[in-house]
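[1] sequence? don't have it. structure:
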């Protein structure tokens, strides 16, 4: 059964810093990997999706990479801003069934 | 206004009562999902449906029931058999060949 782990569970950084969030998974036979953002009391917002044949995806200040062989993905946030403060979750899909989620990294960007 | 609509946003229930959470989508997508989220934890799959009149149990289906009579609607009933129902419930649809998941705003259920 797929297990997804996100470390650290919480992170606090000063504004302007570049940062990396980590996601690891146990089964490398994934269909895709998706990164989400969740604000308190809200649903999840899709940030980036990497298909199994891809190595990375970029959107604005965000870059997500995927290394299936090592079971790892990273989300890179450039020039962090206080508005980036949220919980970031990664999830892997092993088919059309559903995604398996990590517990998330709670990010606080200090002004 | 398009998208995924969940209602109610907040719901309080007395022990022993069944409650139904609504999830409606006007995006014409086949696959719909229900997830549960507990504080500080990731999401766990309750039920999913890939076509009308068909649905499958997820990892934590005990104490829950669903129906899929219409493509646009996938309601979740939290029954009295669910021992710890207080949680945040999220409905989602699967988009496109790449399998991207999009979520509603969620429903927070509190058992008094």
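    That came through fine. Just so you know, these numbers come straight off a predicted model, no measurement behind them.

[2] Need the residues that contact the helix or strand residue A:48 falls within.
    Under the criterion of DSSP states H and E, residue A:48 resides in strand A:44-51. Residues outside strand A:44-51 that contact it (Cβ atoms under 8 Å, 6 or more residues apart in numbering or on different chains): A:31-39, A:56-59, A:62, A:64-66, A:73, A:75, A:88-89, B:43, B:90, B:92, B:98-103. All C-beta atoms are positioned from the backbone trio N, CA, C, and that covers glycine.

[3] In strands only, show me those residues.
    Cross-referencing these against strands under DSSP state E gives A:32-38, A:56-59, A:62, A:64-66, A:73, A:75, A:88-89, B:43, B:90, B:92, B:100-103.

[4] Can you flag the buried ones in those?
    A:32-38, A:57, A:62, A:64-66, A:73, A:75, A:88-89, B:43, B:90, B:92, B:100-103 (16 or more other Cβ atoms under 10 Å in any protein chain shown).

[5] Let's verify residue A:91: helix, strand, or coil?
    What DSSP: H, G, I helix; E, B strand; the rest coil gives for residue A:91 is strand.

[6] Name the nearest residue to it, sequence neighbours excluded.
    Among residues not flanking residue A:91 along the chain, residue A:99 sits closest, at 3.8 Å (Cβ to Cβ, 6 or more residues apart in numbering or on different chains).

[7] Kindly report the same for residue A:47.
    Using Cβ to Cβ, 6+ apart, the closest residue to residue A:47 is residue A:35 (4.5 Å).

[8] is it true that the one you found touches residue A:92?
    No. With contact defined as Cβ atoms under 8 Å, residue A:35 does not reach residue A:92; the gap is 10.8 Å.
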